[in-house]
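This is a predicted model, with the sequence first.
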Amino acid sequence: MNASDNNTINGSGGSDFRSWFMDRLLIGMTWPEYAKSLITPFNFLVAVILCFAVPVFGSRYLYGLAAVTHASHDYPWGILLGWGLFGGVPLSGAGFVVATGYYVFGFKGLKPIVRLAVLSGLLGYFFAASYLMIDLGRPWRIYYPMIMGFGTTSLLFLVAWHVTVYLTVQLIEFSSTILEWLKSRRVHRWAMLITVAMTIAGIILSTLHQSSLGGMFLLAPGRLHPLWYSSYIPVFFLASSIYAAMAMTIFVSTMAARYMTNRCDKNFLGSLDYVTLALGKGCAVAMYVYFFLKVVGVAHDNHWDLLGTPYGQWFLVELFGFVMFPALIFTYGIKKSSPFVIRVGAVFAIAGILLNRINIAVVAFNWEMPGHMHHIIPPWQEVYIVVTMVTLHIMLFRWIFNRMPVLYEMPEYKDMH
Amino acid sequence: MDDDAGNRPNINGGKKGAVGSPLCMERRKFLALSALGGCALLNNPREAFAGTGFKGWPKSYGMLTDFTKCVGCRSCEKACNEYNEMPGDGSSYEDSSVFDAVRRPTAKTYTVVNRYDNPEDPDKPVFRKIQCNHCKEPSCATACPIHAYEKTPEGAVLYDEDLCFGCRYCMIACPFMVPAYDYDSPLEPKIVKCILCYPRIKEGKLPACAEACPTGAVTFGRRRELLRLARKRIAAHPDKYIDHIYGEREVGGTNWLYISGVPFEQLGFPINLPEKPLIELTKGFLSSVSVVFTVWPALFGMVYAAVSHRDKYYERDEGAKAGKGVEK
């Protein structure tokens, strides 16, 4: 899109567009100024990562999945789904958990962070779907469960529908921010009106698809290690997604305040410690609940004897090192009123979620196969795809922070929230 | 005795050969319970609605593999690849060195034969043919989000490539790890698995592998008949066979059955599978979906109403208060 072209074609209308374009998209700069502002060491690193990503992505779409993954007939899924979908979706529960806390339960103190949480959720789901687009054999058929055939007994059918609908719901939830950026007033008022309805729709959809992601493994009783396989697995996934969401909100807000400080208003920066402590309390409660649910799971199936096996020890590392330990860190942080300690706990909790999901999708799956540990080591291309996607994720976050009123409030819309 | 009834619609299936059959007894019990209506519902509403009465197509075909008869000639592999126009895995059918490694069905071949040591008699190794077991209630079909799988009344589990978007959840869900995927194809990757020579069965012919087998190790027939045959063989030679028909009950029963002289776990069969169809494991969860959809809006709507009511209540008080704090 060239602004000068528009100018010659539309005359004065063009110059309106030009100023709008510069104001909204180029953050008030001209093209040369904007291009110059892009030359930073961080952007250089990003450019290098993306350049190397081109041949990797190219070979996936030109030569098939075999060129970039170790996926095989016995191991259909690897870290693309273990990390991107099974790990990405619970961490993206931020939108639903924080919006529910603020709009439904009335935790008004969360206000400065609601938009950031909704954005984290929206981007998280967008990227989870993107990882799926890389891993699907025929991604151009991604809409097939909506139109071509209804596998109503399939929990993946449920996930597909819910993630699609929920992406739309989140876009509507976030639309007030986009509309403020675009300076629309009438539609904005309408968008604010349906927020509560959308939040409740979000709770329904999230309850079901977070648990369904775990429920998908109910069909693999022989293949998933009995310590991770449980008839409670949908409940485990739902319960853990709640603290995952809060921990991720703590993490993202910390990063935003640190690296995007000039895009944060005083209100956001000033209330960050309070919000962090509040979310830390929520995390601690949810993690203790989850910990005891997991213990109930072992007791229900009477698998105590398996805890002594190598897989059992790994299970204990996950349960104590990455659930109990961060929960204790949160508790300590609350006791000391230390946002810093809470942030450390959040990083641990996030690591624990990723560990749990990768354990279920990759490490404990096919645990009885000969040479199992050899099979699950991903090739560098698959890891590189993940690195690229994380880079793009950060870039998209930054692009939006730089433009839309996420970390600050626009004065002219202040009374409308 | 079943042959004449074979082509009848399955509604009549229970009439003949039903007496004494454990399957039909259960069905009748189930019907009796249903007749009690409300009582059956009180008993266990989920199972009453979930249609657990379905015991598979009564007249369906199947196969029986008798490992005591298999000599590892791989005629079945050859016939299968030729009839189904599969490229095969590139090994020569005469080359016995392929047995040094354990193989599995791939995107290039529906079936392979593997060799296992025989603990009873080291000189007589056991050969195992492996392919899709055509479950009575297939887990792949349960898992598929696009309904690309179909269990036909003839017994074959068929897959429709035109519907598949390649999520490979069927491969995760298959307890026998049968479906293969051609990861090398960028444009038309698809699931590959045995089709029980469905077109040949429709023509009244034997599946290619059963026709090619020179020793009678692979037998085609109605599943019910094959079970009878398997029992007869085990009863006639109790010293030769393990007293277990693999596939009779595993994951609700499969249309491909096996009898063997060595324990099945030594031939790489999964033995930790439940006896009920795997779909039963997700039914409880699926039935909660509609509950969440109906109860959650009311529940969370109520919370929202309570909170905003409280806010308004205090606001009013604050507006009207004359120096006194209102305690609740």
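Happy to help now that I have it.

Find the helix or strand that B:V113 is a member of.
strand B:112-116 (DSSP states H and E).

avg pLDDT for that strand?
The average pLDDT within strand B:112-116 is 94.

again with stretch A:410-417
Averaging pLDDT along stretch A:410-417 gives 69.

hmm, back to that, now for the strand holding B:V113, which elements pack on it?
When contacts are defined as 3 or more CB pairs under 8 Å, 6 or more residues apart in numbering or on different chains; DSSP states H and E, strand B:112-116 packs onto helix B:75-83, strand B:126-130. C-beta coordinates here come from the backbone N, C-alpha and C atoms, glycine included.

mind checking how far it is from the chain centre?
Taking CA atoms, centre = their mean, to the nearest Å, one finds strand B:112-116 lying 22 Å from the centre of the chain it belongs to.

quick one: contacts of that strand?
With contact meaning CB atoms under 8 Å, 6 or more residues apart in numbering or on different chains, strand B:112-116 is reached by B:70, B:72, B:74, B:76-77, B:89, B:99, B:102-105, B:125-130, B:262, B:266-268.

buried stuff in that strand?
B:112-116 (16 or more other CB atoms under 10 Å in any protein chain shown).

Which residue comes closest to the closest residue to chain B within chain A once chain neighbours are left out?
Going by CB to the nearest CB, chain B is nearest to A:G137 of chain A, at 2.1 Å. Distances taken as CB to CB, 6 or more residues apart in numbering or on different chains put B:G166 closest to A:G137, at 2.1 Å, once the chain neighbours are dropped.

Any figure for the gap between the one you found and B:P186?
Using CB to CB, to the nearest Å, one gets 11 Å for the distance from B:G166 to B:P186.

and if you look at A:H300?
Taking CB to CB, one finds A:H300 at 45 Å from B:P186.

more crowded one of these two?
Per other CB atoms under 10 Å in any protein chain shown, whichever of A:H300 and B:P186 has more neighbours is B:P186, with 17 against 11.

Which helix or strand contains residue 230?
Defaulting to chain A. For A:S230, there is no helix or strand it lies in under DSSP H and E.

my question was about chain B
According to DSSP H and E, B:A230 maps onto helix B:223-236.

what residues does that helix touch?
Residues from elsewhere that reach helix B:223-236 (CB under 8 Å, 6+ apart): B:2, B:17, B:56, B:58-64, B:66, B:155, B:219, B:221, B:241, B:243, B:245, B:248, B:255, B:257, B:259.

residues from the stretch 51-200 of chain B in reach of chain A?
Taking CB under 8 Å from any CB of the partner chain, the part of the stretch 51-200 of chain B that reaches chain A is made up of B:104-107, B:139, B:141-148, B:163-169, B:171-173, B:175, B:177, B:179-190.

7 Å - rerun?
Within the stretch 51-200 of chain B, the positions near chain A by CB under 7 Å from any CB of the partner chain are B:104, B:106, B:139, B:142-148, B:163, B:165-169, B:171-173, B:175, B:177, B:180-181, B:183-186, B:189.

Strands - which of those land there?
B:180-181 (DSSP state E).

Restrict the residues of the stretch 51-200 of chain B next to chain A to the buried ones and give me that as a PyMOL selection.
This is the PyMOL syntax for the buried subset of these, where burial follows 16+ other CB under 10 Å:
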select buried, chain B and resi 104+106+139+142+143+144+145+146+147+148+163+165+166+167+168+169+171+172+173+175+177+180+181+183+185+186+189
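
From B:K190, how far off is B:E150?
15 Å.

Among these two, which residue is more densely surrounded?
B:K190 (19 against 13).

residues near A:L293, how many?
16.

Give me the buried stretch members for the helix or strand hosting it, please.
Element membership for A:L293 (DSSP H and E) is helix A:266-301. For helix A:266-301, a neighbour-count test (16+ other CB under 10 Å) marks A:268, A:271-272, A:275-288, A:290-291, A:293-294, A:297-298 as buried.

same thing with stretch B:268-285?
Applying 16+ other CB under 10 Å to stretch B:268-285 flags B:269-270, B:273, B:277-283, B:285 as buried.

which one among these gets closest to A:G121?
Nearest to A:G121 out of the buried residues of stretch B:268-285 is B:F285 (CB to CB; 23.5 Å).

check contacts around the residue of the stretch 201-328 of chain B found nearest chain A.
Relative to chain A, the nearest point of the stretch 201-328 of chain B is B:V307 (3.7 Å; CB to the nearest CB). Applying CB atoms under 7 Å, 6 or more residues apart in numbering or on different chains, we find B:V307 in contact with A:105-106.

got a pLDDT number for it?
In the prediction, the pLDDT value recorded for B:V307 is 91.

cool, and B:C76?
As predicted, B:C76 sits at a pLDDT of 94.

I'd assumed B:C209 was in contact with it.
Yes - the pair B:C76 / B:C209 is scored as a contact, 3.6 Å apart, by CB atoms under 7 Å.

Next, show the common contact partners of the two.
Common neighbours of B:C76 and B:C209, using CB under 7 Å, 6+ apart, are B:111, B:218.

give me the residue from chain B nearest chain A.
Per CB to the nearest CB, B:G166 is where chain B lies closest to chain A, at 2.1 Å.

Quick check: closest non-adjacent residue to residue 265.
No chain was given, so I picked chain A. Spatial nearest neighbour of A:D265, excluding adjacent residues (CB to CB, 6+ apart): A:Y408 at 3.5 Å.

Chain B is the one I meant
In space, B:E265 is closest to B:I271, 4.7 Å off (CB to CB, 6+ apart).

sorry, back to before: which ones among the residues of the stretch 51-200 of chain B next to chain A lie within helices?
Applying DSSP state H to those, the entries found in helices are B:139, B:142-143, B:169, B:171-173.

Save those residues as JSON lines, and put in distance to A:T388 too.
Shown next, in JSON lines, are those (distance: CB to CB, whole Å):
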{"residue": "B:S139", "distance to A:T388": "34"}
{"residue": "B:T142", "distance to A:T388": "35"}
{"residue": "B:A143", "distance to A:T388": "30"}
{"residue": "B:Y169", "distance to A:T388": "25"}
{"residue": "B:M171", "distance to A:T388": "26"}
{"residue": "B:I172", "distance to A:T388": "25"}
{"residue": "B:A173", "distance to A:T388": "30"}
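
of all these, which two lie farthest apart?
B:T142 and B:M171 (13.2 Å).

Between those two, which contacts overlap?
By CB under 7 Å, 6+ apart, no residue touches both B:T142 and B:M171.

Low-confidence bits of the chain, can you list those?
Picking chain A for this. In the predicted model of chain A, residues A:1-15, A:414-417 satisfy pLDDT under 70.

that answer is for a different chain, and I need it for chain B
For chain B (pLDDT under 70), the answer is B:1-56, B:319-328.

make it 50
Scanning chain B for pLDDT under 50 picks out B:1-51, B:325-328.

quick one on the thing from earlier: what is the neighbour count of the residue nearest to A:D265?
18.

same check, this time on B:L226
24.

How about it, nearest residue that isn't a chain neighbour?
B:L64 (4.3 Å).

what about that neighbour, which SS state?
Here B:L64 is recorded as strand under DSSP: H, G, I helix; E, B strand; the rest coil.

what sits against the residue of chain B closest to chain A?
If you count contacts by CB under 7 Å, 6+ apart, B:G166 has them with A:136-138, B:189.

Most neighbours among those, which one?
The most crowded member of the contacts of B:G166, judged by other CB under 10 Å, is A:G137 (24 neighbours).

Identify the residue nearest A:V296 in space, chain neighbours excluded?
A:Y232 (7.2 Å).

Now do A:S92 against A:L85, distance only.
10 Å.

okay, those two: which has more neighbours?
A:S92 (28 against 22).

which ones are touching that one?
By CB under 7 Å, 6+ apart, the residues touching A:S92 are A:120-121, A:124-125, A:128.
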